[in-house]
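Enquirer: fold the following and give me the result.
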Amino acid sequence: MFYTYMWLREDGTPYYVGKGKKDRAYARHRIGVAPPLGRIIFYIAKDEDEAIENEIALIWYYGRKDLGLGCLRNFTDGGEGTRNMSKDARDRISKAMSSRIVSERTREKGRQRLKNMPPMHLGFKHSEASRRKMSERGKGRTAWNKGKKATLEQIEANRKGHLGAKQAPSTVLLRKELVKHRKRDSMGRLIKMEDSE
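Expert: So this is what the prediction gives:
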């Protein structure tokens, strides 16, 4: 059984999209170790081709951080990808991709792909045994950023990086479509599903 998966940050935003089978979603990757089970979203595919299409669509939608297009730490646009890319290779790809123009036909294909993808994580409840396993697995672990605070320079650089940034109207509509089932608190942060019921 093939699937597409997303690794989520603590705030609920995705930082990596992949395609795999068996325990690939839980394995160590170049970007690090898998997050806790509660922060992995699965999209089950009927075959490998569908899993690849889903991976490409999700990476296109959320955008790659290395190209300045989004929040994902992926180094390729999905599909079969390239293993063990050197920094030079990544730089060449980054330079080529940052100036690309995506046709409206390609954008529409991506939109249709996302509309037809079932949100597999909705309404899912872990069993008590599964919850105990996750709890045991997380005991003794310390978050990589625990106790770390951003410097004023980092905060200012982050603020400047977002100034004037606007999403295309089509992207705003698509994002609303994807998250319309989620509720937000007064600060605009996504509320965990169990908190919103």
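Enquirer: any figure for the gap between N74 and S130?
Expert: Distance, N74 to S130, by Cβ to Cβ, to the nearest Å: 28 Å. To be clear about C-beta, it is placed using only N, CA and C from the backbone, and glycine gets the same treatment.
Enquirer: higher neighbour count, these two?
Expert: N74 (24 against 11; other Cβ atoms under 10 Å).
Enquirer: mind listing the helices in the chain by residue range?
Expert: Along the chain, the segments classed as helices by DSSP state H run 48-62, 87-98, 104-115, 128-138, 152-162, 169-179, 193-196.
Enquirer: of all those, which lies closest to G38?
Expert: Evaluated over the helices of the chain, closeness to G38 peaks at helix 128-138, with 6.6 Å, by Cβ to Cβ.
Enquirer: now that closest one: average pLDDT?
Expert: In this model, helix 128-138 has a mean pLDDT of 88.
Enquirer: how is the protein carved up into domains?
Expert: Residue ranges for each domain of the chain read 2-142, 151-197, as given by automatic domain parsing.
Enquirer: between these, which gets the lowest average pLDDT?
Expert: Looking at those, the bottom one is domain 151-197 with a mean of 72.
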